[in-house]
Every structure is written in structure tokens, then in C-alpha cells.
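> structure for this input, please:
(one chain, ligands or ions: 1)
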Amino acid sequence: MFELPEMVVLSRQMNEVLTGKEIRKGSLGNSPHKFVWYNRTHEEFEALTRGKRVGEASSRGRWLFLALDPGYVFVLGECGGKALYHPQGAKEPAKYHCYLGFADGSFLTVTTQMWGAMELYQNGEECQRQYIRGMRPFPTQAEFTLDYFSGLVDECSRLEKRSAKGLLTQEQLIPGLGNAIAQDILFRARLHPRHPIDALDAGQVRDLYEAVLGTVNEVIDKGGRYDEVDLHNRPGGYIRLMDKNAVGQPCPRCGAPVSAIQYLGGSCYFCPGCQK
Ligand SMILES: [Zn+2]
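The predicted model follows:
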């Protein structure tokens with residue numbers, strides 16, 4: 001799944017190569033997939049994208065917005081898989097769930113492995129969509145300060161029992177984070193995935209906040225995680241510290257063997273030596 005850093009990287013790359021291109025033909029998938037969320041019929045999508053020009057790309061959390069001027073925005077969200085740019089003359093992939101072909105012969109395809117939104121809105125309407133409307137501050141925004149984060153931890157502690165992994169991965173409390181990046185954040189913050197957040201002291205809250213920002217920024221700087229590809233089909237340069245390849249290997253900090261548990265809808269990888 002693309003998480004916040006991958007969406008930042010994709011939107012930056014779209015701004016480098018797609019801006020100003022005129023759409024000759026837009027189409028939805030050539031391969032039916034029941035977990036792709038479309039909001040237009042094939043005919044509508046084609047008619048509404050034809051002749052539009054690509055404007056700015058931006059991202060918020062796990063959502064990416066590509067302006068199609070005048071008047072529309074293509075929205076890609078909660079998505080995993082591949083969003084690929086193909087130069088003129090490249091061969092079309094056998095399967096895709098969305099396609100934008102440009103007047104210069106280049107094209108963009110999006111293919112998801114699991115699910116994801118590939119939607120087209122009139123400017124502004126996308127802000128009313130579920131998950132985008134009312135989105136909380138996310139880690140690359142100026143509003144995501146230590147004060148804000150401490151308040152979020154307090155608010156979540158009052159409502160129900162919640163663990164550190166739950167804070168990072170549930171209900172988009174911190175939009176854009178997912179299971180993959182959460183593992184490395186918890187490792188950096190030296191917190192066990194099950195650590196209850198109402199038991200965090202002020203120093204641990206600050207460490208967790210710094211781990212969130214440090215990890216997110218490092219993944220962005222390295223072009224995304226190694227297990228995802230960018231707009232040019234190149235894997236990212238960020239090697240995850242805590243993933244399935246780390247199980248049984250010595251922890252890079254304390255040397256204890258890395259463990260795995262099943263917890264909150266997925267595998268958790270952590271070091272029992274230094275994540276208490
Ligand atoms: Zn360790």
C-alpha cells in the first residue's frame with residue numbers, strides 16, 4: 001500500500017513529468033476489479049478527461065490529487081500497486097485500472113493489487129468525499145506540531161484503550177501512516193506495539209512524535225520504501241528496519257533477535273530487547 005511518503009514522492013514526480021500535458025484519451029480499467037472504487041462510468045470518465053490539461057499534483061495523507069484543467073481533479077486514494085508514467089513508444093501494461101493517454105504519446109497507468117479509489121471530481125467536490133472530508137493534520141503539514149500530537153494522544157487516551165500501534169494505524173488518526181511505516185516508527189521510539197498510549201510519559205510522547213517525523217521524512221528523502229515503486233517503476237531507496245526479512249535477525253540497536261506477532265490486523269515486527 002502507498003503510504004504518505006510514497007504519495008508525496010509520486011506527486012512530486014508527476015509535477016516533474018506530467019504538468020502541462022494534454023489528455024487525448026482517459027479510460028478506466030481494461031481489467032475488471034471489484035475493489036477499485038470508481039465514481040464515473042467508462043463513458044463519463046472518457047468524456048470528462050478528453051482535452052483536459054494536467055495541472056498541479058499534490059497529496060494529503062494517503063490521497064493524491066492531480067488537477068485536470070479546467071475544472072476537474074483526478075483522485076487516487078488508499079491505494080497500493082503501481083502508478084506509472086510511460087514515455088512515448090512504451091508498451092501498454094497488460095492490465096490496468098485507469099489510463100490517461102497524452103497528446104505527445106506518453107501515458108499514465110494505475111494498477112492496484114488490493115483496492116483503491118480512482119475517481120474524478122469537479123474542483124472542490126473531492127473535499128466532501130469520505131476520508132478526505134475532516135481529515136486530521138498529517139505529519140508533513142505545519143499543523144502537525146508536538147502540541148497537536150500531545151493533544152491527539154490525550155484525546156485518544158480518554159476515549160478508549162488504545163495501543164501505540166493503534167494510534168499509528170487505526171482510523172486514520174494520523175493520516176497517511178500504515179502498517180509498514182508504523183513498524184519502523186515504533187522501533188525508533190523504542191515502544192512495543194501493544195504499549196498503551198495512556199501510559200506514555202511526556203518524554204515518550206515527544207520521542208514518538210520525533211520518530212513519526214523522522215521516519216516519514218527519511219522515507220520521502222529516499223524516494224519511498226524499497227517494496228514499492230515510483231512513477232518510473234523504480235523501487236524506493238528506504239530499506240525497512242522492521243519487516244519480515246528482519247525476523248530472527250539481530251536488532252540493529254541492541255542485537256536481540258527481532259520477533260513477529262499478529263496484532264491489530266497484521267503482522268508486527270519488533271525487537272523484544274529494546275521495545276518494551
Ligand atoms: Zn533491540
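> run through who's touching the lowest-mean-pLDDT helix or strand in the chain.
The weakest-scoring helix or strand in the chain, judged by mean pLDDT, DSSP states H and E, is strand 36-37 (a mean of 90). Residues from elsewhere that reach strand 36-37 (Cβ atoms under 8 Å, 6 or more residues apart in numbering): 29, 97, 112, 115, 116, 117, 118, 119. From N, CA and C alone the C-beta is placed, and that goes for glycine too.
> tell me where the stretch 151-276 of the chain has helices.
Secondary structure of the stretch 151-276 of the chain (DSSP state H, counting those that start in this stretch): helices at 164-169, 179-188, 202-221.
> any buried residues in the last one, and which?
I take that to be helix 202-221. 204, 205, 207, 208, 209, 211, 212, 214, 215, 216, 219, 220 (16 or more other Cβ atoms under 10 Å).
> from the residues you listed, which are also near the ion?
Among the buried residues of helix 202-221, proximity to the ion is found for none (Cβ under 5 Å from the ion).
> in a markdown table: these, plus distance to residue 181 and pLDDT.
Below are those laid out as a markdown table (distance: Cβ to Cβ, whole Å; pLDDT from 0 to 100):
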| residue | distance to residue 181 | pLDDT |
| --- | --- | --- |
| 204 | 19 | 97 |
| 205 | 19 | 97 |
| 207 | 16 | 98 |
| 208 | 13 | 98 |
| 209 | 15 | 98 |
| 211 | 10 | 98 |
| 212 | 9 | 98 |
| 214 | 11 | 98 |
| 215 | 6 | 98 |
| 216 | 7 | 98 |
| 219 | 6 | 97 |
| 220 | 11 | 97 |
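> quick one: which of the residues you listed is nearest to residue 53?
Using Cβ to Cβ, residue 220 comes nearest to residue 53 of the buried residues of helix 202-221, at 27.3 Å.
> my guess is residue 3 contacts residue 184. True?
No: applying Cβ atoms under 8 Å, one finds residue 3 not in contact with residue 184, separated by 11.0 Å.
> neighbours of residue 275, how many?
26 (other Cβ atoms under 10 Å).
> got the phi/psi numbers for it?
Dihedral pair for residue 275: phi -120, psi 90, per degrees, to the nearest 10.
> excluding chain neighbours, what is closest to it?
Closest residue in space to residue 275, ignoring its immediate chain neighbours: residue 192 at 4.8 Å, by Cβ to Cβ, 6 or more residues apart in numbering.
> ok, that neighbour - contacts?
Neighbours of residue 192 in contact, by Cβ under 8 Å, 6+ apart: 164, 186, 270, 275, 276.
> distance of residue 259 relative to the ion?
In this view, residue 259 and the ion are 10 Å apart by Cβ to the ion, to the nearest Å.
> what bridges to the closest residue to residue 14 other than its chain neighbours?
Leaving aside its chain neighbours, residue 14 sits nearest to residue 57 (3.8 Å; criterion: Cβ to Cβ, 6+ apart). Following DSSP bridges, residue 57 is listed with bridge partners residue 66.
> where does residue 57 land on pLDDT?
Residue 57 is assigned 98 on the pLDDT scale.
> pretty sure it is touching residue 68, no?
No: assessed by Cβ under 8 Å, residue 57 is found out of contact with residue 68, at 10.6 Å.
> low-confidence stretches in this protein?
32 (pLDDT under 70).
> same thing but 90
Within the chain, the segments meeting pLDDT under 90 span 1, 29-36, 79-80, 94-95, 113-115, 158-161, 171, 264-266, 276.
> what parts of it come near the ion?
Counting by Cβ under 5 Å from the ion, the residues of the chain that sit close to the ion are 251, 253, 254, 256, 271, 273, 274.
> which of these count as buried?
251, 271, 273, 274.
> list just the nearest of these to residue 124.
residue 271 (46.2 Å).
> which residues sit in contact with the closest one?
Residue 271 makes contact with 187, 242, 251, 253, 254, 256, 258, 259, according to Cβ under 8 Å, 6+ apart.
> what's the distance between the nearest residue to it once chain neighbours are set aside and residue 237?
Once flanking residues are discounted, residue 271 sits nearest to residue 251: 3.9 Å by Cβ to Cβ, 6+ apart. Distance, residue 251 to residue 237, using Cβ to Cβ, to the nearest Å: 22 Å.
> next: residue 158.
Distance of residue 158 to residue 237, computed by Cβ to Cβ: 40 Å.
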